[in-house]
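K.L.:
Structure of the sequence below:
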Amino acid sequence: MNLPNKLTLLRIILIPAFMAVLYWGFPGATYAALVIFIIASLTDLLDGKIARKYNLVTDFGKFADPLADKMLVTAAMLWFVEIGQMPAWALLIVICREFAVSGLRMIASDKGRVIAAGWSGKVKTASTMVCVVLMFLPIPAVLNTVCVWVITLTTLYSGVEYFVKNKDVIQSI
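P.N.:
Residues are numbered from 1 along each chain as shown. Alright, predicted model coming up:
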């Protein structure tokens, strides 16, 4: 297993550790979980850079890397919903978008086409990661609300963009 794949696996392993720390609830647990989240997020940046630079892109990486990202972000947002820091409808939008885009990619793949991550998807991922980090910090409620809206709106925009740019995939069903 190459280094990028090991980093992706590490990110997946860190997710239960992240959640366990949050549920353990010891003094400073939120900050410890934040450190785990940041480390896991950085493995995403690192594994992608290494895989592209050294041509170490694998089928495992193509599958597991985006899955690990979705699992990590969903875990954090589930926590925010549980503690009342994020409305469930916002998380539902994120989850529905991920399922819809994944479905679109599967249909395209069956037709021999690969739908690469678009610019808006990358903006969505980066802004979501930043907002999640901010939401773990003691920020004013208004900034928390702004973060929820940034996550929701970038998620909606990028989801719509995927379908508009690839409407021919849907039309060919």
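K.L.:
tell me the contacts of L56?
P.N.:
Taking C-beta atoms under 8 Å, 6 or more residues apart in numbering, we find L56 in contact with 2-4, 50. (C-beta placed from N, C-alpha, C; glycine too.)
K.L.:
tell me the secondary structure for it?
P.N.:
coil (DSSP: H, G, I helix; E, B strand; the rest coil).
K.L.:
Next one: it from G48, what distance?
P.N.:
Relative to G48, L56 is positioned 10 Å away (C-beta to C-beta, to the nearest Å).
K.L.:
worst-scoring helix or strand of the protein, pLDDT-wise?
P.N.:
Lowest by mean pLDDT, DSSP states H and E among the helices and strands of the chain is helix 167-171, with a mean of 89.
K.L.:
From the contacts of L56, list just the buried residues.
P.N.:
Buried subset of these (neighbour count, 16 or more other C-beta atoms under 10 Å): P4.
K.L.:
Go through the contacts of L56 and flag which are in strands.
P.N.:
Among the contacts of L56, DSSP state E puts none in strands.
K.L.:
in the least confident helix or strand of the chain, what counts as buried?
P.N.:
For helix 167-171, a neighbour-count test (16+ other C-beta under 10 Å) marks V169 as buried.
K.L.:
what's the answer for stretch 116-134, then?
P.N.:
If you call a residue buried by 16+ other C-beta under 10 Å, then stretch 116-134 has these buried ones: 120-121, 124-125, 127-129, 131-132.
K.L.:
Same question for stretch 40-59.
P.N.:
For stretch 40-59, burial by neighbour count (16+ other C-beta under 10 Å) applies to 40-41, 43-44, 47-48, 51.
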